[in-house]
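J.: Provided below are the primary sequence and the corresponding predicted coordinates.
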Amino acid sequence: MLELNDICKRYVTAGFTQVALDHVSVAFRDSEFVAVLGPSGSGKTTMLNIVGGLDHFDEGDLVIDGISTRRYKDRDWDAYRNNRIGFVFQSYNLIPHQTILANVELALTLSGVGRAERRRRALDALARVG
């Protein structure tokens, strides 16, 4: 389970503070497919970046399987991004000269997953999303 508890995120530039997330709380169940919808500038990307460990929150807590991330160090975030979460980007971000299967397998290759298991997981993932 993944929980955002009272998450706040602000960006400060040249003395101006932009509040991107203002005390956001939401919980996601294991294996749940979720769509994040809202108007431009509403904090969707900021929230996804925090959930994905690409950005850090200013206040609140991100809880992963009952464990707070408040004291996570860089190596903890690296392990989380490498082993626990993935993104399907709106603009695809695929390597053009590779097949779709090879693109899906790439993250597993970087994680050290063996060839047969990597192929099995990638084919399963592609079958699930169509």
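T.: Arrived safely, thanks for sending.

J.: could I have the helix or strand of the chain with the lowest mean pLDDT exported to CSV, CA atoms only?
T.: In the chain, no helix or strand scores lower on mean pLDDT, DSSP states H and E than helix 100-110, which sits at a mean of 87. Provided in CSV are the C-alpha atoms of helix 100-110 (Å, rounded to 0.1, in the frame of the first residue of the first chain):
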residue,chain,number,x,y,z
ILE,A,100,8.6,-2.3,-27.7
LEU,A,101,9.5,-5.5,-25.9
ALA,A,102,13.2,-4.4,-25.6
ASN,A,103,12.0,-1.0,-24.2
VAL,A,104,9.9,-2.7,-21.6
GLU,A,105,12.8,-5.1,-20.7
LEU,A,106,15.3,-2.2,-20.3
ALA,A,107,14.4,-1.4,-16.7
LEU,A,108,14.6,-5.1,-15.7
THR,A,109,18.0,-5.3,-17.4
LEU,A,110,19.2,-2.4,-15.3
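
J.: What residues sit buried inside it?
T.: By 16 or more other Cβ atoms under 10 Å, the buried positions in helix 100-110 come out as Val104, Glu105, Ala107, Leu108. C-betas here are computed from N, CA, C, even on glycine.

J.: and if you look at stretch 65-72?
T.: Thr69, Tyr72.

J.: Now do the end-to-end distance for it.
T.: 14 Å (Cα to Cα, to the nearest Å).

J.: which helix of this protein spans the most residues?
T.: helix 115-129 (DSSP state H).

J.: Dump that helix to PDB, keeping only the CA atoms.
T.: In PDB, the C-alpha atoms belonging to helix 115-129 read as follows (Å, rounded to 0.1, in the frame of the first residue of the first chain):
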ATOM      1  CA  ARG A 115      17.100 -12.900 -19.600                       C
ATOM      2  CA  ALA A 116      14.400 -15.500 -19.300                       C
ATOM      3  CA  GLU A 117      12.700 -13.900 -16.300                       C
ATOM      4  CA  ARG A 118      13.000 -10.400 -17.900                       C
ATOM      5  CA  ARG A 119      11.300 -11.600 -21.100                       C
ATOM      6  CA  ARG A 120       8.500 -13.300 -19.100                       C
ATOM      7  CA  ARG A 121       7.800 -10.200 -17.000                       C
ATOM      8  CA  ALA A 122       7.900  -7.900 -20.000                       C
ATOM      9  CA  LEU A 123       5.500 -10.000 -22.000                       C
ATOM     10  CA  ASP A 124       3.200 -10.300 -19.100                       C
ATOM     11  CA  ALA A 125       3.300  -6.500 -18.600                       C
ATOM     12  CA  LEU A 126       2.500  -5.900 -22.300                       C
ATOM     13  CA  ALA A 127      -0.300  -8.400 -22.200                       C
ATOM     14  CA  ARG A 128      -1.800  -6.600 -19.200                       C
ATOM     15  CA  VAL A 129      -1.900  -3.200 -20.900                       C
END
